[in-house]
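>>> Curious how this folds, go ahead:
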Amino acid sequence: MAAPSIGGVQIPRGDGSTVVRLARGSSLTDFAEKIGANPASLVTVMFHLGEMATATQSLDEETFTLLGDELGYQVQVVSPEDEDRELLESFDIDLDADEDESLLVARPPVVTVMGHVDHGKTKLLDAIRHTHVMEGEAGGITQHIGAYQVTTTTSGGVTRKITFIDTPGHEAFTAMRARGAQVTDIAVLVVAADDGVMPQTIEALNHAQAAGVPIVVAVNKVDVPGANPSKVRQQLTEYNLVAEEYGGETIFVDVSAKQRLGIDELLEAILLTADAALDMRANPHAPARGVAIESYLDRGRGPVATVLVQRGTLQVGDAIVSGTAFGRVRAMLDDAGVTVDAAEPSRPVQVLGLTSVAGAGDTFLVTTEERVARQIAEKRAAMERNAALAKARKRVSLEDLTKILEQGRIETLNLILKGDVAGSVEALEDALLKIDVGEGVDLRVIHRGVGAITENDITLASASDAVVMGFNVRPEGKARDLAEREGIDVRYYSVIYQAIEDVENALKGMLKPEFEEVSLGSAEIREIFRSSKFGNIAGAMVRSGEIRRHAKARLVRDGVVVAENVSIDTLRRFKEDTTEVREGFECGIGLGSYNDIKVGDVIETYEMREKPRS
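Next comes the predicted model:
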């Protein structure tokens, strides 16, 4: 139904329950198409709502919500995942299509190794690589690509393959999961038998449990003096990881990466867990689909992407699109640097032939022809640009918290703490949480950890508008670049009190300032002079304090305030302009445009001063 809207513009109105779905970074033109209106009329409506916007300008969700409320529509800005799914569906690509059960075949499990720094993750991966190499790789791994496949023979004599993703520090693990790409089937948690559970062990465990993947615990360094594998099992029961020997469901394997002990048992435990908890099947005959694990620009070969095939078989010559990168598979290499023609499900390969560098965690898929891949990539790039334009706002820093609070955009200061040792981080967190500046603001430590500031920390800060605080640590190279690109405030400290003082000042700045009135002086009107230029001028005697030019003032008549919020516009002594007149002196006072003054009135001056917070 067309009804007159603001300014008499005819616009189809909603009934309050009509839902309009918009992509991120949409414009008024996009909204007009959805409701069958003229874009120019929506520009007029926005103007009457106090918002200046052009018909083609990318707008944020809050602006569309305001417009929708005015016109009777519920505006939903679709998530990036839904947006991408709808884009692919427009090219007849259905990511959610059910697979034919008869076409599914067994595939190798995909494993990520995680754990605390110095607990032997890398040594364990090296031990697995050198003990179980693929056929034809007797010389070992010649080219490390971030993912590899090993072959093992189980106790039952069956030969099986396992794919390992090498993501030290588990940044990529979380980044991929944040993009909705569930890459890992099983997580191997490495815990040193001499150190036991450490802060990053818990962090890795939380990441794995949040992803909902089964966990196998490798208790490493069982050969060193002071090793106590039983203590590790006991500690992990507090985090819902109960060993099988204690009546639980988690498999614990004692290993020594240095001595290469327990490697076969660990691989068998991975396969047992996979068989018991997971449906390890995929269709190798479908168009290939998977995830880009990492990507970089090689000076000689151009963009190179390490991809993990999750469904279908990737072949040389396939048209491929990954995020905003597209191209045709020119060549594929396995983890030994050997050229391969096809990659089945769960097999990691390096792909050459993309036109640009794909993002880590971007999904890739094969299309019918390269033209379709290019169109998908270009539309994705356009959507990202529009979303960035709509979002275009600076991230939170300690300096601008007060301004942001005044706009009602934040009431909690989120912090991410990283330090050189766990003791320092815990001490800093305890001290920060004890800061009390009253009601109205809050402080939350959303993550703490030991070690350098990583890309994962910056990603988390970006998602939660947090400030990153580093205590005797610095960011890794890529993390520094990412922080600058995302506008994340990263602070570095070596003295704990400086960190506490900065946060305390920021929290106090987040509180709305409290003001109190301070009396400056008063003057009694003794005579009134008429001026054609300045209006009525009060000839007054200063009774107390001092009268200052431009000070706030009120007019009191017979004990009753007759005028508030006036100011001392002009102040003179013997026809000379002056800035202040002290007690006991006469002066001429002009109250600007306010002229209703009488002999005997009292002019009281004052100023509002911000109350210091204790």
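>>> which element is the spatially most central residue of the chain on?
In the chain, the residue lying closest to the centroid (C-alpha atoms, centre = their mean) is A463, at 1.5 Å. Using DSSP states H and E, the element containing A463 is helix 455-464.
>>> Give me the packing partners of that helix, helices and strands only.
Based on contacts counted as 3 or more C-beta pairs under 8 Å, 6 or more residues apart in numbering; DSSP states H and E, the elements that helix 455-464 packs against are helix 171-178, strand 412-419, strand 442-450, strand 466-471, helix 477-486. Placement of C-beta: from N, CA and C, glycine included.
>>> export those to JSON lines and tack on mean pLDDT, mean neighbour count and distance to A204?
Written out in JSON lines, the entries for those read as follows (pLDDT from 0 to 100; neighbours: other C-beta atoms under 10 Å; distance: least, C-beta to C-beta, whole Å):
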{"stretch": "helix 171-178", "mean pLDDT": "47", "mean neighbour count": "20", "distance to A204": "9"}
{"stretch": "strand 412-419", "mean pLDDT": "84", "mean neighbour count": "22", "distance to A204": "15"}
{"stretch": "strand 442-450", "mean pLDDT": "80", "mean neighbour count": "17", "distance to A204": "10"}
{"stretch": "strand 466-471", "mean pLDDT": "89", "mean neighbour count": "23", "distance to A204": "19"}
{"stretch": "helix 477-486", "mean pLDDT": "84", "mean neighbour count": "15", "distance to A204": "18"}
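>>> Output these in JSON lines, with distance to R299 appended to each entry.
As requested, the helices and strands packed on helix 455-464 are exported to JSON lines (distance: least, C-beta to C-beta, whole Å):
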{"stretch": "helix 171-178", "distance to R299": "23"}
{"stretch": "strand 412-419", "distance to R299": "33"}
{"stretch": "strand 442-450", "distance to R299": "35"}
{"stretch": "strand 466-471", "distance to R299": "33"}
{"stretch": "helix 477-486", "distance to R299": "18"}
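>>> Of these, which is nearest I458?
Nearest to I458 among the helices and strands packed on helix 455-464 is helix 477-486 (4.6 Å), distances taken as C-beta to C-beta.
>>> If I take the closest one and helix 455-464, what angle do their directions form?
20 degrees (axes from the mean of the first three to the mean of the last three C-alpha atoms, to 10 degrees).
>>> how about the CA coordinates for the very next helix or strand once past helix 477-486, as CSV?
Note on helix 477-486: by DSSP H and E, the next helix or strand toward the C-terminus is strand 490-493. In CSV, the C-alpha atoms belonging to strand 490-493 read as follows (Å, rounded to 0.1, in the frame of the first residue of the first chain):
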residue,chain,number,x,y,z
VAL,A,490,48.3,-2.4,20.9
ARG,A,491,50.1,-1.1,24.1
TYR,A,492,53.5,-2.2,25.3
TYR,A,493,54.6,-2.2,29.0
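>>> counting contacts, what elements does strand 490-493 pack onto?
Counting by 3+ C-beta pairs under 8 Å, 6+ apart, the elements that strand 490-493 packs against turn out to be strand 466-471, helix 496-510.
>>> pLDDT of that strand, averaged?
Taken as a whole, strand 490-493 has a mean pLDDT of 86.
>>> neighbouring strands for it, and are they parallel or not?
With DSSP bridges as the test, strand 490-493 is paired with strand 466-471 (parallel).
>>> For the strand or helix carrying S519, which helices and strands make contact with it?
Per DSSP H and E, S519 falls inside strand 515-531. With contacts defined as 3+ C-beta pairs under 8 Å, 6+ apart, the secondary structure elements packing on strand 515-531 are strand 535-548, strand 586-590, strand 602-610.
>>> 7 Å - rerun?
Taking 3 or more C-beta pairs under 7 Å, 6 or more residues apart in numbering; DSSP states H and E as contact, the helices and strands that strand 515-531 lies on are strand 535-548, strand 602-610.
>>> out of the helices and strands packed on helix 455-464, nearest to Y296?
Counting by C-beta to C-beta, Y296 lies closest to helix 477-486 out of the helices and strands packed on helix 455-464; the figure is 11.0 Å.
>>> Now the strand holding S519: buried residues?
Judged by neighbour count (16 or more other C-beta atoms under 10 Å), strand 515-531 contains these buried residues: L520, G521, S522, A523, I525.
>>> and after the helix or strand bottoming out on mean pLDDT in the chain, which helix or strand comes next?
For the chain, the helix or strand with the lowest mean confidence is strand 2-4, at a mean of 43 (criterion: mean pLDDT, DSSP states H and E). Sequence-wise, the next helix or strand beyond strand 2-4 is strand 10-12, with elements assigned using DSSP H and E.
>>> where's the very next helix or strand once past that following strand relative to the chain centroid, distance-wise?
Moving toward the C-terminus from strand 10-12, the first helix or strand encountered (DSSP H and E) is strand 18-22. For strand 18-22, the distance from its own C-alpha centre to the chain's C-alpha centre is 26 Å (C-alpha atoms, centre = their mean, to the nearest Å).
>>> Enumerate the positions of strand 18-22 that are buried.
Buried residues in strand 18-22, counting neighbours by 16+ other C-beta under 10 Å, are found at T18, V20, L22.
>>> Name the nearest of the residues you listed relative to K379.
In terms of C-beta to C-beta, no member of the buried residues of strand 18-22 lies closer to K379 than L22, at 15.6 Å.
>>> For the helix holding A463, what is the distance to the chain centroid?
5 Å.
>>> Could I have the CA atoms of it written out in PDB?
In PDB, the C-alpha atoms belonging to helix 455-464 read as follows (Å, rounded to 0.1, in the frame of the first residue of the first chain):
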ATOM      1  CA  GLU A 455      47.600 -12.700  14.500                       C
ATOM      2  CA  ASN A 456      45.000 -14.700  16.500                       C
ATOM      3  CA  ASP A 457      45.100 -12.000  19.300                       C
ATOM      4  CA  ILE A 458      44.700  -9.200  16.700                       C
ATOM      5  CA  THR A 459      41.800 -11.100  15.100                       C
ATOM      6  CA  LEU A 460      40.100 -11.500  18.400                       C
ATOM      7  CA  ALA A 461      40.600  -7.800  19.300                       C
ATOM      8  CA  SER A 462      39.200  -6.800  16.000                       C
ATOM      9  CA  ALA A 463      36.100  -9.000  16.600                       C
ATOM     10  CA  SER A 464      35.500  -7.700  20.100                       C
END
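>>> The residue nearest to D254 when sequence neighbours are not counted: how many residues sit nearby?
In space, not counting the residues next to it along the chain, D254 is nearest to V222; the distance is 4.5 Å by C-beta to C-beta, 6 or more residues apart in numbering. Residue crowding around V222 was assessed by other C-beta atoms under 10 Å; the count is 20.
>>> if we can go back for a sec, any idea of the angle the strand holding S519 forms with strand 586-590?
Taking the same axes, to 10 degrees, one finds that strand 515-531 is oriented at 90 degrees with respect to strand 586-590.
>>> So for the lengthiest helix in the chain, what gets flagged as buried?
Looking only at the chain and at elements set by DSSP state H, the helix with the highest residue count is helix 370-391. Neighbour-count burial for helix 370-391, with 16+ other C-beta under 10 Å as criterion, is recorded at 370, 372-377, 379-380, 383, 386-387, 390.
>>> No further questions, thank you.
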